[in-house]
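**Student:** when you get a sec, could you give me coordinates for this:
(one chain, ligands or ions: 1)
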Amino acid sequence: MPSAPDTEKTRAPEPPGSAPVVSVRGLRHSYGRGPDAVTALGPLSLEIPAGEFLVLVGPSGCGKSTLLRLIAGFEHAAEGAVEVFGERPEPGGRAGIVFQQPRLFPWRTVGDNIGLALAYAGVPRSERPERVAGLLDRVGLAGTAGRRVWQISGGQQQRVAIARALAGGKRLLLLDEPFAALDALTRERLQEDLRTMSAETGTTAVFVTHSVDEAVFLGSRAIVLTNRPGTVALDLPIGLPRTGAGPDELRGLPAYAALRAEIGTAVREAAG
Ligand SMILES: Nc1ncnc2c1ncn2[C@@H]1O[C@H](COP(=O)(O)OP(=O)(O)OP(=O)(O)O)[C@@H](O)[C@H]1O
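**Tutor:** You can find the predicted model right below:
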């Protein structure tokens, strides 16, 4: 995702040692009540410092999306606490969210879709075109603001969804299997661009995936959750270079293969 004169891009990363962006303490979450209650998650505690790209991996139904929804403020846990930037999270708050489907307004233009998020974030109308252009440039879609959503590909739509999630200077991105519905080549390109963009801007991210390779490629840290109710089975720093190495070079590193093996084993064990 190429560079742009975008105020949201050029901001400095949070200084190391500052308060965690996300703090989860003693969390438990259930759906339903009484004999039909399903305990989805917990007990679970973790902290996500500024600039971390945390990838959540684990067997189907272990509670990955539930954890993301709790961090987004879509759900509130009965037990324990979640804080985002030191506050109880609320929908539409300080996190930008990207789902598996882009969920754009198809009849509107690309620029309007992002402009709506900027309006919601309180950006004055006069500033929006420039901000839209900057955000689109950041996700590799410069010059597409006037196109209708139905005129662009699924991969491009997901890029717009990422730009929209970043609109308004959001410093935390929550992504729930955002590339799962894309073809392999598009998925690889978006992975590479998201990796570069997050490293350049210091954006903190929580990314849910089923793919061990995606976890190693994208993450600065991976957490594997156990089978439901999800608890932390493995919490592993990835430690691969975040900048300066191309995708082939990264995937060729012995450490890359070792991380894939370690996380893959943990996921298989967690699945039971
Ligand atoms: N709204 C709901 N009502 C009742 N049970 C739910 C609800 N949402 C999720 N669950 C249950 O909670 C558990 C965790 O679900 P969640 O979607 O968080 O898992 P996941 O790890 O994201 O799964 P997947 O990888 O398959 O997307 C599952 O057993 C699921 O069936």
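**Student:** in stretch 23-40, what counts as buried?
**Tutor:** Neighbour-count burial for stretch 23-40 flags Ser23, Val24, Leu27, Arg28, His29, Ser30, Ala40 (criterion: 16 or more other CB atoms under 10 Å). The C-beta positions use only the backbone N, C-alpha and C, and glycine is treated the same way.
**Student:** ugh, wrong one, I meant stretch 175-182
**Tutor:** Judged by neighbour count (16+ other CB under 10 Å), stretch 175-182 contains these buried residues: Leu175, Asp176, Glu177, Pro178, Phe179, Leu182.
**Student:** which ones among these are found in helices?
**Tutor:** Judged by DSSP state H, the buried residues of stretch 175-182 include no members of helices.
**Student:** of all these, which comes closest to Arg148?
**Tutor:** Leu182 (19.9 Å; CB to CB).
**Student:** which non-adjacent residue is nearest that closest one?
**Tutor:** The shortest distance from Leu182 to any non-neighbouring residue, by CB to CB, 6 or more residues apart in numbering, is to Gly155 (5.4 Å).
**Student:** Ala19: neighbouring residues, count only.
**Tutor:** 12 (other CB atoms under 10 Å).
**Student:** hang on, it packs against Glu83?
**Tutor:** No: checked against CB atoms under 8 Å, the pair Ala19 and Glu83 is beyond contact range at 9.2 Å.
**Student:** residues contacting the strand or helix carrying Arg25, please?
**Tutor:** In the assignment (DSSP states H and E), Arg25 maps to strand 22-31. Under the contact criterion CB atoms under 8 Å, 6 or more residues apart in numbering, strand 22-31 has outside partners 37-48, 63, 66-67, 70-71, 75, 77-84, 86, 172, 204, 206, 229.
**Student:** which bits of the stretch 101-250 of the chain sit near the ligand?
**Tutor:** Arg228 (CB under 6 Å from any ligand atom).
**Student:** and the helices in the stretch 101-250 of the chain?
**Tutor:** For the stretch 101-250 of the chain, the helices defined by DSSP state H, counting those that start in this stretch occupy 110-120, 128-138, 154-166, 184-201, 212-218, 247-252.
**Student:** out of those, which is closest to Gln101?
**Tutor:** helix 154-166 (8.5 Å).
**Student:** for Ala37, which non-adjacent residue is spatially closest?
**Tutor:** Per CB to CB, 6+ apart, closest to Ala37 is Ser30, 4.9 Å.
**Student:** how near is the residue of the chain most remote from its centre to the ligand?
**Tutor:** Of all residues in the chain, Pro35 has its C-alpha farthest from the mean position, at 34.1 Å, by CA atoms, centre = their mean. From Pro35 across to the ligand, the span is 14 Å (CB to the nearest ligand atom, to the nearest Å).
**Student:** check Leu67 too.
**Tutor:** Leu67 is 7 Å from the ligand, by CB to the nearest ligand atom.
**Student:** circling back: would you turn the helices of the stretch 101-250 of the chain into JSON lines with mean pLDDT?
**Tutor:** Output for the helices of the stretch 101-250 of the chain, formatted as JSON lines (pLDDT from 0 to 100):
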{"stretch": "helix 110-120", "mean pLDDT": "95"}
{"stretch": "helix 128-138", "mean pLDDT": "94"}
{"stretch": "helix 154-166", "mean pLDDT": "94"}
{"stretch": "helix 184-201", "mean pLDDT": "91"}
{"stretch": "helix 212-218", "mean pLDDT": "97"}
{"stretch": "helix 247-252", "mean pLDDT": "95"}
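**Student:** wait, what's in contact with Leu166?
**Tutor:** Leu166 neighbours (CB under 8 Å, 6+ apart): Glu8, Gly96, Leu135, Arg138, Leu173, Thr203.
**Student:** hmm, try it at 10 Å
**Tutor:** Leu166 makes contacts with 6, 8-9, 96, 98, 114, 117, 134-135, 138-139, 173, 197, 201, 203, as judged by CB atoms under 10 Å, 6 or more residues apart in numbering.
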